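> pasting a predicted model and its sequence here:
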Amino acid sequence: MKHRYGLIAILFIIILFVQSASSYVYGETSPEDTQAILQKTLSIVEIDHEIKRISEQQTQLAKQHETLSAQLLQQEKEIHIQQDRAGAVVRSYYTGERDSLLMTVLGARSFKDLFVLYDYYQIIIGKDQAVLDKYQTRYNELQHTSDRIRQTSMELTQMKTNLENQRTRVALLQKEVDKQITASGDAAAIQKLMNELTLYWENVGIYEVKRYFKALASAMQNLPDFVQKQNGAISTTGTTYTIRIAQDELNTFLRSQNEIFNDFAFTFDSNKITASGKRDQLQLSIEGHYTVENEPQNSIRFHVDRLVFNQLELPDTTRNMLEKEFDLGFYPQKILSFVKATDVSTDEGVLEVKLAISF
């Protein structure tokens, strides 16, 4: 199966070259036009997947909203019962019923009667407290469910907007592609290229891209240990700590983690990180940057700004999906437990993280 899709990839490249070159000679479709069509085709495929993901999430969230609404109705019934019971307890204290009970205990004629009456008093007071505690618990549950319903309602509204936006986006892209195909003068050849690209991407490309991201996410889990063992990687000035990682050191580390990185390399430039490589018929380039994040915990988070597969740039929906699915960040507190990251930057060949003592 892999051999079959390897041949598809080779044929795709050959067809792209031959078709683009010949069309350009006859003044019909330039290589740039063909590239643009394929770029949009890949974007349409990926945005269609995003629409499917959003639709599935919307369905799940709608079911959750329905379940929460049913829970809220049940909790409202239960809290009315607890409210009546709690009200009766409060009234008994307000009207002095419990005071008279206490006076009865204190008026016991013997120590034996005192202990028996006190035990009864403790039981009654304990039940009163249990009623009040149960009311408080039910009230908290009711508030929590109400908050979750409000949250899911907002998320459903946002998802509906996202879905409409992505559908509009796909429709516009498809309209542009159809127009360019018609103007190409060789619609059949262009359509064949589009079909081959889609087939290769959905059966090989996306899985290969995810394979790299998965390997990176796995390697980043071991980065703190690597940094601790590097002489001079951590320096201190007063209460400020600094971690410096050279790109060559990072590449050596990655290749020690997984042989997939033998043909893959990171480069650090001013506020930009590029990771690129080529293996067999796959070319992959990832551009991004790091930021300091404090939620849900202090970390150095990697953001994918640009993702290029076989010279075709993937849309933001794919970048966002990969960011959510694979954690390419790292956590300084795994290196020094008493610090937190305050700043991160990259310059030519070096990644630098500033740390401060966390009180």
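Looks like it came in fine.

> which ones are touching Ser43?
By Cβ atoms under 8 Å, 6 or more residues apart in numbering, Ser43 lies in contact with Leu173, Leu314, Pro315. Bear in mind the C-beta positions are built from the backbone N, C-alpha and C, glycine included.

> so which bits of stretch 160-170 are buried?
Asn162, Leu163, Gln166, Arg169, Val170 (16 or more other Cβ atoms under 10 Å).

> quick check: mean pLDDT across that stretch?
The average pLDDT within stretch 160-170 is 80.

> what separates that stretch from the chain centre, distance-wise?
20 Å (Cα atoms, centre = their mean, to the nearest Å).

> please apply the same query to stretch 332-340.
23 Å.

> just the residues contacting stretch 144-153, thanks.
In contact with stretch 144-153 (Cβ under 8 Å, 6+ apart) are residues Leu61, Gln64, His65, Leu68, Ser69, Gln71, Leu72, Gln75.

> any idea which of the residues you listed has the most stuff around it?
The most crowded member of the contacts of stretch 144-153, judged by other Cβ atoms under 10 Å, is Leu68 (20 neighbours).

> show me the contacts for that one.
Thr145, Arg148, Ile149, Thr152.

> and of those, the nearest to Ile51?
Using Cβ to Cβ, Thr152 comes nearest to Ile51 of the contacts of Leu68, at 20.3 Å.

> quick check, pLDDT for the closest one.
Reported pLDDT for Thr152: 79.

> what number of residues lie near it?
Neighbours of Thr152 using other Cβ under 10 Å come to 19.

> now it: how far from Gln57?
Thr152 sits 11 Å away from Gln57, going by Cβ to Cβ, to the nearest Å.

> quick one, what contacts the residue most central in space within the chain?
The geometric centre of the chain, computed from its C-alpha atoms, lies nearest to Lys324 (Cα atoms, centre = their mean), at 2.8 Å. Shown in contact with Lys324 (Cβ under 8 Å, 6+ apart): no residues.

> quick revisit: inside helices: which ones of the contacts of Ser43?
Leu173 (DSSP state H).

> report the secondary structure state of Ala62.
helix (DSSP: H, G, I helix; E, B strand; the rest coil).

> residues near the residue lying closest to it once chain neighbours are set aside, how many?
Excluding its sequence neighbours, the residue lying closest to Ala62 (Cβ to Cβ, 6 or more residues apart in numbering) is Leu156, at 6.5 Å. Other residues within reach of Leu156, judged by other Cβ under 10 Å, total 16.

> measure Leu156 to Gln58 for me?
Distance from Leu156 to Gln58, by Cβ to Cβ: 7 Å.

> quick revisit: what about the contacts of stretch 144-153, which are in helices?
Filtering the contacts of stretch 144-153 for helices - DSSP H - leaves Leu61, Gln64, His65, Leu68, Ser69, Gln71, Leu72, Gln75.

> least confident pick among those residues?
Ranking the ones in helices among the contacts of stretch 144-153 by pLDDT, Gln75 lands last with 71.

> which residue comes closest to that residue once chain neighbours are left out?
Leu142 (4.7 Å).

> surely the one you found touches Gln71?
No: with contacts counted by Cβ atoms under 8 Å, Leu142 stays clear of Gln71, the gap being 9.3 Å.

> can you give me the helices in the protein?
2-25, 31-94, 97-106, 111-184, 187-200, 206-220, 223-229, 247-257, 316-325.

> between the ones you listed, which gets the lowest average pLDDT?
helix 2-25 (a mean of 43).

> and Gln71, how close does it get to Phe302?
Taking Cβ to Cβ, one finds Gln71 at 38 Å from Phe302.

> go on, Thr242?
19 Å.

> which one of those two is surrounded by more residues?
Phe302 (23 against 14).

> if we ignore the residues flanking it in sequence, what's nearest the more buried one?
Leu328 (4.0 Å).

> how far away is the one you found from Ile273?
Counting by Cβ to Cβ, the gap from Leu328 to Ile273 is 10 Å.

> who touches both of those two?
Common neighbours of Leu328 and Ile273 (Cβ under 8 Å, 6+ apart) are Phe302.

> give me the neighbour count for Leu193.
Neighbours of Leu193 (other Cβ under 10 Å): 21.

> and what of the one 4 residues further on?
The local packing of Leu197 (other Cβ under 10 Å) involves 24 other residues.

> I'd say it and Lys40 touch.
No: look at Leu197 against Lys40 with Cβ under 8 Å: they stay out of range, at 10.8 Å.

> quick check on the residue lying closest to Ala217 once chain neighbours are set aside: phi, psi?
Counting by Cβ to Cβ, 6+ apart, Ala217 lies nearest to Phe326, which is 4.2 Å off, once chain neighbours are set aside. Note on Phe326: its backbone torsions stand at phi -130, psi 130 [degrees, to the nearest 10].

> any chance of TSV for the ones in helices among the contacts of stretch 144-153, columns distance to Gly238?
What follows is the ones in helices among the contacts of stretch 144-153, written out as TSV (distance: Cβ to Cβ, whole Å):
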residue	distance to Gly238
Leu61	49
Gln64	50
His65	52
Leu68	51
Ser69	55
Gln71	53
Leu72	54
Gln75	54
